[in-house]
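Peer 1: model this:
(chains A, B and C)
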Amino acid sequence: MDDIVIAILRSGTPLVYVALAGVIAQRSGIWHLGLEGLMITGACATIVGTVLTGSVGLSLLIAVLLCALGSILFWFVVEVLKANQIIAGLGLTGLGLGGTSLAIQAIFGSQGAVSAPAGLPKIGAAFGAYGGLSVLVLAMPFVVFLTWVLLCRTRFGLRLAASGEHPFAARSVGANPAMMRLVALVIGGGFCALAGAELAAGSLQIFSQNMTAGRGFMGFAAVIFGAGHPVWATFAALFFAIVGAIGIRAQLVFGDRIPHDLLLGLPYIATVFGIWLSARLRGGARGATGGFGELKDP
Amino acid sequence: MSANFSAIIRAAVFIVIALVLCGLIFEIAGYPGVQTFDAIIDGAFLRRNALEHALRWALPLFITATGVVISFRAGYFNIGAQGQFYVGAICAAFVAEWLKGYPGAVVVPLCFAAGMTGGALWALWPGLLRLRSGADEVITTLMGNFLAGLLLVYVTAGPLKDPSGSGQQASSRPLEAAYRISTSNGVSPIIIGIAIFVGLAMWFLVNRTAFGVLSGLGGRNPTMVKWQGASVWRIGLASFLISGALAGLAGTIELMGPNGRLAGGFLPAHGFTAVLIALVAGLSITGTAIAAFFFGGLASAALYLPVIAGLPSAAIDIINAAIALFITAKSRFVDRIASFWRRPWTTS
Amino acid sequence: MKELPGVVLASRNATVRYGDVVALDDVSISFSGGMIHAVVGQNGAGKTTFARMVSGLVRPAEGSLEINGRSIAGGNVNDARRAGVELVHQSFALPPSFTVAEAMQFGADGGRLYTRAALERRWQAHLDALDVKVSAGAQIRTLTVEQQQAVEIARALVTDASLLILDEPTAVLSPEGAEKLFERIRRLRERGVTIILILHKIREVLAVSDTVSVLRGGRLIDGPLPVADMDAERLASLIIGPSGREFAGDDLEALTGALSPVAGGADKTSAPQSEILSMRDLSTRTDGDGPPLNSVDLAVHAGEIVGVAGVEGNGQRTLVRAISGLADIMDGSLEIDGRDMTRSSLLARRAMGLRVIPFERNVEGLSLTSALWENWSVGQLLGRPLHAAITPKGLRQGCRAALDNWDVRYSTVEQRAGSLSGGNAQKVILSREMDDAARLIVAAQPTRGLDIGATAFVWEAMRDARRRGCGVLFVSSDLDEIFDIADRVVVMLAGKIVGEFRAPFDLASVGSAMTGARA
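Peer 2: Predicted coordinates:
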């Protein structure tokens, strides 16, 4: 039983962090499909930074800064240049995936996987079987709680939500929706960096190309499934992780009778299911995105 | 048309901005920016046979991109061209495998039918989820891409596995020579003919049918079309099916033309590039043809770069991504530049 | 009670431009404290722009603002709020998913971190002190429009506002609701709050305000004038201007909101003919867009204009959707021209001669980013199969002819619908919906936001349709216009039809039916 819980926490924690980033962006009125790109940037920076500097803490800081930088770029494009959020988000994702490949090639001369000498600190033997988990796993519930307080129990959170839901209302009480979105995206960028760091350096200490494999998009789906609420989105992210763990478990049970590759697809199917269910429960999605920007009526 | 003209100027300006951003990234990564672009242009359009190579990549990209145009125009963000492309190729490969030994004149058309049907079916389920339940098609089609990628890996390592294959990447058994529609250079009269036919048919569909007008209106404002009593459901379903079928068609061409077999994760950037082509073209079919050629050149340069310039092929992915980041941007400044050239007799 | 200051608000040579459009032109005006000031004018006169400029939402291109003796830079909401200005918007600026307490909190000072219970306690006390009978824990979207307005006024008073601006507050209210609002406003005046009311009905100006100022075409025509020596006729001519007279004709009083309390029925022509629309006992499923219809019986005859009155949000939208086949009908029947259409699609209903001018001109009526000819030709394309070939040239020609026929001012049929003014955009819709085959025309708020000339044009178009023998169902929340052009009025309340009136209409009895006071 312990090993299943550990597997779920390991695969679920990055999803939770990235989902929180998506929730904050969503509340401020941005559909953030660049999460995947920021997440892989965070993963790459953590591992490469550790290899080059030897310090996990320093490289985590670099990862957060890089993701914040990427978030500012994204904000500039969607807020100042009014680009379509979905397309620009996919562009940011592509930039992250391509940029990390290029960085690996430029630094190590090959595109193979990079392993770091050290990973994130572990929570330690005091936690028994769970001692091998990283501190970010331990921190996760607290981060979720703090995010909930920030979004649902402060005036900042109210103004953030108003910026997304009714920007004119936010403006008429003196808030600046564009700035609120910048803050939201930068905070979210930090969470993406943590998500990437946990994915790459939480247990394996390896970075390989495209290793996020759609987890950023799943985190985004968790935002929708969780109705933009930090706690519900966390549960949605953990649900996707549980489905993934069941797939791995099923492999052990059924062996070769079910093809391995198709079991790997279970989390994606769960994601589609989550999107479908939330659409059924709460009506159609994409309300606030403004569709095609120029191609859609205001 | 001043509106089109300013759109072209705007696209050009933002592509330049995107390229500057890329140059910066290349510089930071330690590749001199100017030389990099030099190598890319050389690889894409200037070296010997470059135009033919560009065409080899441009033709399937064009076909997939026209499909993307159809669904984007109707207001559906079908990002799943990659998955539909894979599933189309897989279906065609199965048909070719089952009917092995029958004459090419029978098998090839059946393969095409299977490929288009497969692509259409892979677009059908996100379409139904969207149209019936409102499930956002961006996420479902993206997930469809990952699922199709896994399916491809499974097929190439399982039912269609080439036993003689070696190395890391599994691939399927090669197609019989009689079923190939081109050599590995990927340019043949059949493929060019198909692309031209698709281009003409889609141009007609967009510009000369009720579907074209209604889907364009619906893409910009679905509510208005609903209040007019048009069947949003039928327009939407047709858009999904057509775009899926065209991506499947491109997958079939890749299989039966240049590739000759399936390999796990082949042409991983095809779908995204096609989306980009459609957007750069401003969702017009003629523009798509031009943009496809440009991005086809970039795609062929991607193979050439590591060999000649020591640049990773990811450089092309970065260029594509940066263009995607900026291509839908709007700027009053750029609009003013564009309006400077506006001919006085057209008003807007 | 505070000491009354002299001048509370002064603007000098204020000019506001939106792109090339001058919305407010060189306005110099000053308002003294402790009074209720009315600012009137037709739609597009610059009233809302004035309110937004004062509250800092819009930056004046030229000129200066002084509030309570302090010079204000303009274009900064926080500055204006600090100086004591609060604006209550016409369509309220309250995020629908917020609770009342949250909507108060997000504009308030202090309380950066809170618990839900403390928040609700704090704001419930505030609401009670203002005599607003709403629970602080209620979600905004569950409130009626009157409640939302009361909450928005309470929100505006969370800071110590000394100048409260209300932008067209009566537009969404019943006559009785407006009376209650005026009562509330008078109480605020007693507390020393200065109030600027943006209005467009002369009757209301005369009833509530101390002074009146008139805007026309972005310019200040006159004011502030004491209301005591003002009469309806003079005010009407100030609002409408010399050139407006010719549009207005006999409709002048209805257009300026000066209709006498018993009015209408002057141009009723013939006896009712056959029923074009008959709804019997119709009920719809709840669907989140206003209350569902509850056993609605409604008939529209040929050559008749039936007005649907009611406070907004009482099922008018559902009614229009039910007739258009866009609502889920649970019970009852609907016939168009004697044929049962309860389960038919909008397409089939259109084939029977149904035409719809929907509520939201810019969303439901037109695709703003599409060309005019595309917007117009939908009507031509609907009957054909999707793959049918079309000739864009022919459609453009047809569009040109139709638009010229309806006197639309446009430069080319390629131009985007969004580049037209509100009145011209509405005419494009009329040209599409009021064709010769029209039998039943559903016009939902067709004059909202239009200036007097365009409003008179739309009214004339509806009268014209009646003359040709169409049945017209005319939904509006403006009783003046309903009284002026409808032959018969039904009143909707909470998804039911609660009253039916024939000309001459009595404002008091229709008004009380709107609030359910009448038995």
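Peer 1: show me what from the stretch 51-200 of chain B comes close to chain A.
Peer 2: B:72, B:75, B:77, B:79, B:129, B:133-136, B:138-140, B:142-144, B:146-147, B:150-151, B:153-154, B:157-158 (Cβ under 8 Å from any Cβ of the partner chain). In this view, the C-beta of every residue, glycine as well, is placed from N, C-alpha and C.
Peer 1: from those, which land in helices?
Peer 2: Counting by DSSP state H, these place B:72, B:138-140, B:142-144, B:146-147, B:150-151, B:153-154, B:157 in helices.
Peer 1: and of the residues you listed, the nearest to C:V306?
Peer 2: B:F72 (43.0 Å; Cβ to Cβ).
Peer 1: the closest one against B:S284, yeah?
Peer 2: No - with contact defined as Cβ atoms under 8 Å, B:F72 does not count as touching B:S284 (11.2 Å).
Peer 1: of the two, who's got more company?
Peer 2: Set B:F72 next to B:S284 and count neighbours by other Cβ atoms under 10 Å in any protein chain shown: B:F72 wins out with 23 against 18.
Peer 1: and B:D317, how far from B:T64?
Peer 2: 17 Å (Cβ to Cβ, to the nearest Å).
Peer 1: neighbour count winner among the two?
Peer 2: Per other Cβ under 10 Å, whichever of B:D317 and B:T64 has more neighbours is B:T64, with 34 against 23.
Peer 1: is it fair to say that one lies in a strand?
Peer 2: No - counting by DSSP: H, G, I helix; E, B strand; the rest coil, B:T64 is not found in a strand; it is helix.
Peer 1: need the contact list for it.
Peer 2: B:A81, B:F85, B:L246, B:A247, B:A250, B:H270, B:G271, B:A274 (Cβ atoms under 8 Å, 6 or more residues apart in numbering or on different chains).
Peer 1: without its sequence neighbours, what residue ends up closest to residue 46?
Peer 2: No chain specified, so I'll use chain A. A:A197 (4.2 Å; Cβ to Cβ, 6 or more residues apart in numbering or on different chains).
Peer 1: meant chain C actually
Peer 2: For C:G46, ignoring the flanking residues on the chain, the nearest one in space by Cβ to Cβ, 6+ apart is C:G218 at 4.2 Å.
Peer 1: and if you look at C:L24?
Peer 2: Spatial nearest neighbour of C:L24, excluding adjacent residues (Cβ to Cβ, 6+ apart): C:V16 at 4.0 Å.
Peer 1: please apply the same query to B:Y154.
Peer 2: Using Cβ to Cβ, 6+ apart, the closest residue to B:Y154 is A:D261 (3.9 Å).
Peer 1: isn't that neighbour right up against B:L150?
Peer 2: Yes - here A:D261 lies in contact with B:L150, judged by Cβ under 8 Å, at a distance of 4.7 Å.
Peer 1: C:A10 falls within a strand, correct?
Peer 2: Yes - assignment of C:A10 by three-state DSSP places it within a strand.
Peer 1: let me see the contact set for the closest residue to it other than its chain neighbours.
Peer 2: Nearest non-adjacent residue to C:A10, counting by Cβ to Cβ, 6+ apart: C:S30, 3.9 Å away. Applying Cβ under 8 Å, 6+ apart to C:S30 gives the contacts C:V7, C:L9, C:A10, C:S11.
Peer 1: adding pLDDT, write these out as TSV.
Peer 2: Shown next, in TSV, are those (pLDDT from 0 to 100):
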residue	pLDDT
C:V7	87
C:L9	90
C:A10	90
C:S11	90
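Peer 1: make a PyMOL selection of the buried ones in those residues.
Peer 2: To isolate the buried members of those in PyMOL, using 16 or more other Cβ atoms under 10 Å in any protein chain shown:
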select buried, chain C and resi 9+10+11
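Peer 1: and the contacts of C:S30, which is closest to chain B?
Peer 2: C:S11 (28.0 Å; Cβ to the nearest Cβ).
Peer 1: so what's the closest one bridging to?
Peer 2: C:I29, C:L65 (DSSP bridges).
Peer 1: hang on, it packs against C:L65?
Peer 2: Yes - taking contacts as Cβ under 8 Å, C:S11 lies within contact range of C:L65: 5.3 Å.
Peer 1: any idea how far chain C is from the closest residue to A:I258 other than its chain neighbours?
Peer 2: Nearest residue to A:I258 in three dimensions, chain neighbours excluded: A:A250, at 6.6 Å (Cβ to Cβ, 6+ apart). Between A:A250 and chain C the computed distance is 40 Å (Cβ to the nearest Cβ, to the nearest Å).
Peer 1: show me the helices in the stretch 101-250 of chain B, by range?
Peer 2: For the stretch 101-250 of chain B, helices defined by DSSP state H, counting those that start in this stretch occupy the ranges B:104-128, B:137-157, B:189-208, B:210-220, B:222-227, B:232-254.
Peer 1: most packed of those helices?
Peer 2: Comparing the helices of the stretch 101-250 of chain B by mean neighbour count (mean count of other Cβ atoms under 10 Å in any protein chain shown), helix B:232-254 comes out on top with a mean of 27.
Peer 1: which helices and strands does that helix pack with?
Peer 2: helix B:50-73, helix B:81-98, helix B:104-128, helix B:189-208, helix B:210-220, helix B:222-227, helix B:270-280 (3 or more Cβ pairs under 8 Å, 6 or more residues apart in numbering or on different chains; DSSP states H and E).
Peer 1: got the angle between the fourth one and helix B:210-220?
Peer 2: Yep, that's helix B:189-208 we're talking about. Going by axes from the mean of the first three to the mean of the last three Cα atoms, to 10 degrees, helix B:189-208 is angled at 70 degrees with respect to helix B:210-220.
Peer 1: what about B:I79, neighbour count?
Peer 2: 28.
Peer 1: ok, it - contacts?
Peer 2: Contacts for B:I79 (Cβ under 8 Å, 6+ apart) come out as A:L90, B:E137, B:V138, B:T141, B:L142, B:N145, B:G271, B:F272, B:V275.
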